[in-house]
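*Asks:* structural data only, the sequence is not supplied:
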Ligand SMILES: CC(C)(C)c1cccc(C(=O)NCC2(NC(=O)c3cccc4nocc34)CCCCC2)c1
C-alpha cells in the first residue's frame, strides 16, 4: 500500500516510518510513504502557504495553489491513489470503515493546519473527507498517522505471528480482556488463578467472558452493533445467574 502525505510538517511522520509495526512494514516494502510539503510548491520569495481569511476572523487559511500543486505531484506519482482530506467535517472512521479503505492500492492524505484549507480546494481536488473523532486538534497530521497505523496493521503479513493473534482478538469487535504478567503478586493483588492453571480451554473461556462483560458494561453500543453468538450469550447467561443479575 502506498501513502502520499501532503503536510507542512513532514518530520512528524518519521515516527510511523521508522518505529514499530508500521516502521517494519515500510522497511519490508509492505507499504511506501512519500511526503509532499506544500511549501515546496510555492512560487513567491517568502514561500507563502497561508493567508488571511475573507470575511475576517482569527487565524489563517491554507491557500489553494501550493496544496493543489502538491496534490497534483502526488497524483502523478501515485495515479491509482484516492485523495482524502483529514477533517473534523469528515466521515468518522471506525475499524470497518478503515478496513474498506485498506482494500485500495494507495491513499493521498492531506493534513490541514491553521484554521483549515480554502473550501475550493476541497471542491476541486479532494475525493473523500475523513475524521478520526470529535476533538479539537492542531493539525491533520496525527489523524493521518492514526489512519496509516490502522490500515497498515490490516495488510497481510504486516503483523508477526504474536501480533496477528492479538489482532484477531482486537478485531472481533469486543473490548480487550484484562492482561497480566509478572510478578504473580503485587501489593497483595494476585493474578487470577485460572491464568496460571495451564488449562487453555478454561483460560480462553475466562478471557472471552471478561471481554463480553467489559463490552456490555463500558460500550453496550459496540455489543449491540456486533451481536452475540449463541455460545457467547450462554457464557453471559451463566455468569449472570451465578451473580444474581
Ligand atoms: C470535531 C470538533 C471538535 C467539533 C471540531 C470542530 C471544528 C474544528 C475542529 C478542529 O479540530 N479544527 C482544527 C483542525 N482539526 C482537524 O484536522 C481534526 C480534528 C478532529 C478530528 C480529525 N480527523 O482528521 C482531522 C481532524 C486542525 C487544523 C486545521 C483545521 C482542522 C474540531
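*Replies:* That came through, no problem. Computed from a predicted model, the values in this text were never measured in an experiment.
*Asks:* shaky segments in the chain?
*Replies:* Along the chain, the parts satisfying pLDDT under 70 run over 162-169, 171.
*Asks:* any idea how many residues pack against residue 209?
*Replies:* A total of 16 residues lie near residue 209 under the criterion other CB atoms under 10 Å. To be clear about C-beta, it is placed using only N, CA and C from the backbone, and glycine gets the same treatment.
*Asks:* i'd like the first residue to be 6 from this point on
*Replies:* I'll keep to 6 as the first residue from here, and by that count the last item is residue 214.
*Asks:* what is the longest helix along the chain packed up against?
*Replies:* In the chain, with assignment by DSSP state H, the single longest helix is helix 205-223. Secondary structure elements in contact with helix 205-223, counted by 3 or more CB pairs under 8 Å, 6 or more residues apart in numbering; DSSP states H and E, are helix 225-231, helix 235-247.
*Asks:* looking at those, which is closest to the ligand?
*Replies:* Closest to the ligand of those, according to CB to the nearest ligand atom: helix 225-231, at 19.3 Å.
*Asks:* please identify the buried residues of that closest one?
*Replies:* Neighbour-count burial for helix 225-231, counted by 16 or more other CB atoms under 10 Å, picks out residue 228.
*Asks:* ditto for stretch 7-17
*Replies:* Buried residues in stretch 7-17, counting neighbours by 16+ other CB under 10 Å, are found at 7-13, 15, 17.
*Asks:* now stretch 35-42
*Replies:* In stretch 35-42, counting by 16+ other CB under 10 Å, buried: 36, 38-42.
*Asks:* all set, thanks.
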